[in-house]
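J.: Fold the following, please.
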Amino acid sequence: VPAALLGSALLRRPAALGAAAARCAPARDSHGPPRQGHGGSKAASLHWTGERAVSVLLLGLLPAAYLCPGPAVDYSLAAALTLHGHWGLGQVITDYVHGDVPIKVANTGLYVLSALTFAGLCHFNYHDVGICKAVAMLWSL
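T.: Residues are numbered from 1 along each chain as shown. Model (predicted):
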């Protein structure tokens, strides 16, 4: 598209946005101490690593559930699935819930839901056939 067809304001806009972004978010000095509010980057990094580890664990538990079903795999699946779901729904809350009170209510609800989910899966594993056997029974239908 020839530049003459585009307004001069449109041609300058990306540069203006870049300058505004540079003013709003100054570069962080990697050699100095973290600025106020940025001290949790190590915790965030560990959380991200933990999320990936649980995802990889789930990838390993799925074949294990098929090849050697048993109580150890059932309870491992219960814990990993609950934790994976808890973190995923926590991200949904982070992205879509705003305001102090709604965030506290949503997080409390998330913890209650996660605790009930884990308790329900453990109850199912202990008092019924367990997760592995239940999935195998569903596949046999």
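J.: Where do the strands of the chain begin and end?
T.: In chain order, the chain shows no strands, with DSSP state E as the criterion.
J.: Relative to A43, how far out is L116?
T.: Separation of L116 from A43 (Cβ to Cβ, to the nearest Å) stands at 27 Å. The C-beta positions use only the backbone N, C-alpha and C, and glycine is treated the same way.
J.: go on, L62?
T.: 29 Å.
J.: what do you get for G90?
T.: Distance from G90 to A43, by Cβ to Cβ: 14 Å.
J.: Pull the contacting residues for S55.
T.: H84 (Cβ atoms under 8 Å, 6 or more residues apart in numbering).
J.: Do you know the pLDDT at it?
T.: In this prediction, S55 carries a pLDDT score of 90.
J.: Next, count neighbours for Y96.
T.: 9 (other Cβ atoms under 10 Å).
J.: how close does it get to L116?
T.: Counting by Cβ to Cβ - Y96 and L116 are separated by 22 Å.
J.: where in the chain is pLDDT low?
T.: 1-40 (pLDDT under 70).
J.: Settle it for me: which of G90 and A43 has more neighbours?
T.: Shown here are G90 and A43; by other Cβ under 10 Å, G90 has more neighbours (17 against 9).
J.: separation between that one and A72?
T.: From G90 to A72 the distance is 27 Å (Cβ to Cβ).
J.: how about L61, what does it touch?
T.: 73, 76-77, 80.
J.: Now render these as JSON lines, adding neighbour count.
T.: Converted to JSON lines, the contacts of L61 look like this (neighbours: other Cβ atoms under 10 Å):
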{"residue": "V73", "neighbour count": "20"}
{"residue": "S76", "neighbour count": "18"}
{"residue": "L77", "neighbour count": "23"}
{"residue": "A80", "neighbour count": "17"}
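J.: Could you export the residues you listed as JSON lines, including distance to H86?
T.: As requested, the contacts of L61 are arranged in JSON lines below (distance: Cβ to Cβ, whole Å):
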{"residue": "V73", "distance to H86": "20"}
{"residue": "S76", "distance to H86": "16"}
{"residue": "L77", "distance to H86": "14"}
{"residue": "A80", "distance to H86": "11"}
